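Novice: sequence plus predicted model, see below.
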Amino acid sequence: MSTIGYESWAVDMADVGPIYPFQGSEVLMVIVGVIFWLVWHRIQFVREGQHLEEARQQALDHERIQRSVERY
Amino acid sequence: MDGNLNALTTVFTEFYYWVTVVFMFLIHVGFCMYEVGASRRRNHMHTLMKNVMVIPLVTVTFFFFGWWIYWAFPMFPFFGGLDLEAGAANLPWAETMGPNAADRITGVFWAAFLLFSWTAASIVSGSVIERIRSSALWVHAVLIGSVWWIIDAAWGWHYGGWMVQYLGYHDAYASGVIHAIAGGYALGVITVLGPRIGKFADDGTPRDIPPHNPWMLTIGIFLIYTGFWGFYAACNVPAISPEAIGGQITGDTWTATNIYLAPTSLSAITFNFLMSLSGGLMMAYVVSRGDAFWTFSGGLAGVITASAGNDLYHPIQAMLIAAAGVFIVYRLHYWVEKRFKLDDAVGAVAVHGYAGVVGLIISGFVLWGAPSSPYEGYAAINPLGQTLGAAIMFLGLGFIPAFVVAKMQAAAGVLRIPEEVELQGLDYAEHHAYEDAQAEIIAADKEFLANKVTPAE
């Protein structure tokens, strides 16, 4: 058994096509990959929302804003 | 060179490796920038010079004996003697180790391996900044760059190496043979060297020592990414015929191969370099909550994790393996730092060592059963072989030799700088001429101003 479909390289390279593991699972791999990508966006939206809310609360401190503006 | 086609292939191959060497120089530029950016202002020159001098020291020793080790050691010492015949053409006094019209490949191939040697030494250099003696680091640089890594390359990164033959070891773009060993080596040194003053609070809580210049780090790591492209290309044989390989491949269709002379393509590794870089960056951003330096390092760690199998992975597999590796590496770094009070100034043990080990183990499962070589009788790629290989790289040839040599240096009092100098800063201690000259010229300018310029009313 070989995950890439070849157990030896005793082949004519003219006859060889894909050599990646789990051929036939391309659609499944794309689905998993797309889920990874979309979950990443979801995590970022949630975290950035929390972060900005915390920053907004801190920004109610007038002196802190003044210092930030003066710091340029 | 017989015939036009052979001549063209030889000249193309010669030029191909030469280009990779030029690209890989950027890795060292990047490491220098990263280290200097990470160091505090009082240690700039020392940090820079420590890494710059790795270049000549590893180069000359790699010429004297490192390159010979690669050709002589594939079965030595456990499964045969030294291959003196293969080694003969790579001895420093061999005719092929110089301008020779009958051999256009040895020089560029030697240089490609040499640039890997610099990288191995430079990985160690980053983790020990601001407290190691340069003289001690340079001994380690020669040992990792011209001895230990090239032994592991002979065993596991050579078409006839015993690890490839008997373990089915597969490490196409050096997760283990460069990164795991260098990370393990760095761990061995910092275990003996100890942390920088102030790194840990009295209760053992680690303190962050921020880089003095984050932009140098940013440019540095992007240069390392760029050089890494060259490294990937250098790990391939660009075009070779089945006849020249002399293995089991039939027919007369030429192919690109990995270092084991097994088929892959430049296109495959281009897909996988970019997808593993992306998977690493995305996971590092999430797991570090947007920390810039961990995100950049995570991109690198992602590529390193996937590198063992990036000749064969599907690009989505490369992305997911990189992401999984970075998650593990990040958690492991902070656990080890807190548990063992180890100060790895640039995260080299994690980004290179842990990522390399994790990548090897994962590749054993994902590539299970695939041929490790085009030659008959070699073991197939398997999880046990990859795990043993990871242990040989990280512990056997990395951590243990480093620990022993560092202990000897510590016993001799030549490993670590004095506390007073560490607090004062190495630039004044070792580069006092520059500091003194600077102070003198500033004083002279002030005196000139006081005498010649009248302050405004």
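Specialist: Perfect, I can see it now.
Novice: what about B:Val36, which SS state?
Specialist: helix (DSSP: H, G, I helix; E, B strand; the rest coil).
Novice: count the residues that sit near it.
Specialist: 22 (other C-beta atoms under 10 Å in any protein chain shown). In short, each C-beta sits where N, CA and C put it, glycine included.
Novice: surely it touches B:Thr47?
Specialist: Yes. B:Val36 is within contact range of B:Thr47, at 5.3 Å (criterion: C-beta atoms under 8 Å).
Novice: now for the helix ranked longest in chain A, which elements pack on it?
Specialist: Longest helix in chain A by number of residues (criterion: DSSP state H): helix A:26-59. Taking 3 or more C-beta pairs under 8 Å, 6 or more residues apart in numbering or on different chains; DSSP states H and E as contact, the helices and strands that helix A:26-59 lies on are helix B:266-287, helix B:315-340.
Novice: between these, which one is closest to B:Ser134.
Specialist: helix B:315-340 (24.9 Å; C-beta to C-beta).
Novice: return the distance of the residue in the stretch 351-457 of chain B that chain A sits nearest to relative to B:His179.
Specialist: Going by C-beta to the nearest C-beta, chain A is nearest to B:Gly369 of the stretch 351-457 of chain B, at 3.5 Å. In this view, B:Gly369 and B:His179 are 25 Å apart by C-beta to C-beta, to the nearest Å.
Novice: ok, B:Leu8 next?
Specialist: Distance from B:Leu8 to B:His179, by C-beta to C-beta: 35 Å.
Novice: in terms of neighbours, single out the busier of the two.
Specialist: B:His179 (35 against 12).
Novice: got a pLDDT number for the residue nearest to that one when sequence neighbours are not counted?
Specialist: Of all residues not flanking B:His179 in the chain, B:Gly356 sits nearest, at 3.6 Å (C-beta to C-beta, 6 or more residues apart in numbering or on different chains). If you check B:Gly356, the pLDDT there is 98.
Novice: same check, this time on B:Gly359
Specialist: With respect to pLDDT, B:Gly359 has a value of 98.
Novice: what's the answer for B:Lys452, then?
Specialist: Looking at B:Lys452, its pLDDT is 80.
Novice: report how many residues lie close to it.
Specialist: Neighbours of B:Lys452 using other C-beta under 10 Å come to 7.
Novice: wait, doesn't B:His28 sit right on B:Ala121?
Specialist: No. Between B:His28 and B:Ala121 there is no contact under C-beta under 8 Å: 9.5 Å.
Novice: between those two, tell me which one has more neighbours.
Specialist: More neighbours surround B:Ala121 than the other of B:His28 and B:Ala121, with 28 against 21 (other C-beta under 10 Å).
Novice: contact partners for the more buried one?
Specialist: With contact taken as C-beta atoms under 8 Å, 6 or more residues apart in numbering or on different chains, B:Ala121 is in contact with B:54, B:58, B:140-142, B:144-145, B:182.
Novice: quick one: low-confidence parts of chain B?
Specialist: For chain B, the stretches flagged by pLDDT under 70 are B:1-2, B:430-431, B:433, B:453-457.
Novice: chain A contacts on that one?
Specialist: When proximity is defined as C-beta under 8 Å from any C-beta of the partner chain, chain B approaches chain A at B:242, B:247-251, B:253-255, B:262-264, B:268, B:279, B:282, B:285-286, B:289-290, B:312-314, B:316-317, B:319-320, B:323, B:366-371, B:373-374, B:376, B:380.
Novice: just the ones in helices from those residues, please.
Specialist: Those of those lying in helices (DSSP H): B:242, B:268, B:279, B:282, B:285-286, B:316-317, B:319-320, B:323, B:366.
Novice: for those residues, which single residue is the most surrounded?
Specialist: That'd be B:Gly279 among those, by other C-beta under 10 Å, with 31 neighbours.
Novice: my guess is that one meets B:Val303, correct?
Specialist: No. With contact defined as C-beta under 8 Å, B:Gly279 does not count as touching B:Val303 (9.1 Å).
Novice: residue contacts, the closest residue to B:Gly251 other than its chain neighbours?
Specialist: The shortest distance from B:Gly251 to any non-neighbouring residue, by C-beta to C-beta, 6+ apart, is to A:Asp12 (3.3 Å). The contact partners of A:Asp12, taken as C-beta under 8 Å, 6+ apart, are B:249-251, B:253.
Novice: derive a PyMOL selection command for the buried subset of the residues you listed.
Specialist: PyMOL command restricting the contacts of A:Asp12 to the buried ones, with burial defined by 16 or more other C-beta atoms under 10 Å in any protein chain shown:
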select buried, chain B and resi 249
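Novice: so which two of the ones in helices among the residues of chain B next to chain A are the farthest from each other?
Specialist: B:Pro242 and B:Val286 (45.2 Å).
Novice: all strands of the stretch 151-300 of chain B, in order?
Specialist: Secondary structure of the stretch 151-300 of chain B (DSSP state E, counting those that start in this stretch): strands at B:237-240, B:255-257, B:263-264.
Novice: let's have the ones you listed in a markdown table, adding mean neighbour count.
Specialist: Converted to a markdown table, the strands of the stretch 151-300 of chain B look like this (neighbours: other C-beta atoms under 10 Å in any protein chain shown):
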| stretch | mean neighbour count |
| --- | --- |
| strand B:237-240 | 18 |
| strand B:255-257 | 22 |
| strand B:263-264 | 24 |
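Novice: circling back: from the ones in helices among the residues of chain B next to chain A, which is closest to B:Gly425?
Specialist: Checking these one by one against B:Gly425 (C-beta to C-beta), the nearest turns out to be B:Tyr285, at 33.8 Å.
Novice: output the lowest mean pLDDT helix or strand found in chain A.
Specialist: helix A:62-71 (a mean of 78; mean pLDDT, DSSP states H and E).
Novice: could you tell me the angle between that helix and helix A:26-59?
Specialist: 110 degrees (axes from the mean of the first three to the mean of the last three C-alpha atoms, to 10 degrees).
Novice: center of chain A - which residue?
Specialist: A:Trp37 (4.6 Å; C-alpha atoms, centre = their mean).
Novice: find me the pLDDT at that one, would you?
Specialist: 98.
Novice: which residues does residue 33 contact?
Specialist: No chain specified, so I'll use chain A. B:316, B:319-320.
Novice: my bad, the chain I had in mind was chain B
Specialist: Applying C-beta under 8 Å, 6+ apart, the residues contacting B:Met33 are B:216-217, B:219-220, B:223.
Novice: pipe these into CSV and attach neighbour count per row.
Specialist: Output for the contacts of B:Met33, formatted as CSV (neighbours: other C-beta under 10 Å):
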residue, neighbour count
B:Met216, 18
B:Leu217, 23
B:Ile219, 16
B:Gly220, 26
B:Leu223, 20
